[in-house]
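Chemist: Give the three-dimensional model of this entry:
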Amino acid sequence: MAVVVRNQNQDPDLVYEPGFEMHYGLTEETCGVKTVTLYRTIFPPAQKSRPHYHANGDLIWYHLSGPKALWRIGREKKEFATGPGDFISIPRGEIHSTLNTSDTEPIHGVGGYGGCGGPYQSGKVFVD
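Modeler: Model prediction:
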């Protein structure tokens, strides 16, 4: 059965990625999907995520709007910058962190996990 999730009726998750707003759209909890997660996120100005990886899900992310995001990927911390219109894919198990490069503007994006039905099922492990 098709399901429409009205994201504006949900409170953001402020716990999963401290300092970021996570607005879940498609998860096992919201619509019964078990193999993919889709969410909208807001990275506040100058916010950085802690280095981590996802043991159970491949990360995909689309940069909707805002300043550049700086991604540090792998143990060698290779840097990639994304801007509006860019996609990034990070395989499960790959260590990564993200930084909003602006001190004044938020970044808006849409992300997802392949292989799991929710962010808490992605097997997030902090490595710092």
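Chemist: For the most centrally placed residue in the chain, give its distance to T98.
Modeler: Against the mean C-alpha coordinate of the chain, by CA atoms, centre = their mean, the closest residue is G111 at 4.8 Å. Separation of G111 from T98 (CB to CB, to the nearest Å): 10 Å. In this view, the C-beta of every residue, glycine as well, is placed from N, C-alpha and C.
Chemist: All the strands of the chain, in order from the start?
Modeler: Ranges of strands in the chain, per DSSP state E, are 21-26, 36-43, 52-54, 58-65, 69-73, 78-82, 87-90, 96-100, 107-114, 124-126.
Chemist: In a markdown table, list these along with distance to V4 and mean pLDDT.
Modeler: Putting the strands of the chain into a markdown table (distance: least, CB to CB, whole Å; pLDDT from 0 to 100) gives the following:
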| stretch | distance to V4 | mean pLDDT |
| --- | --- | --- |
| strand 21-26 | 10 | 92 |
| strand 36-43 | 13 | 95 |
| strand 52-54 | 27 | 98 |
| strand 58-65 | 20 | 98 |
| strand 69-73 | 29 | 97 |
| strand 78-82 | 29 | 97 |
| strand 87-90 | 25 | 98 |
| strand 96-100 | 29 | 97 |
| strand 107-114 | 17 | 98 |
| strand 124-126 | 28 | 96 |
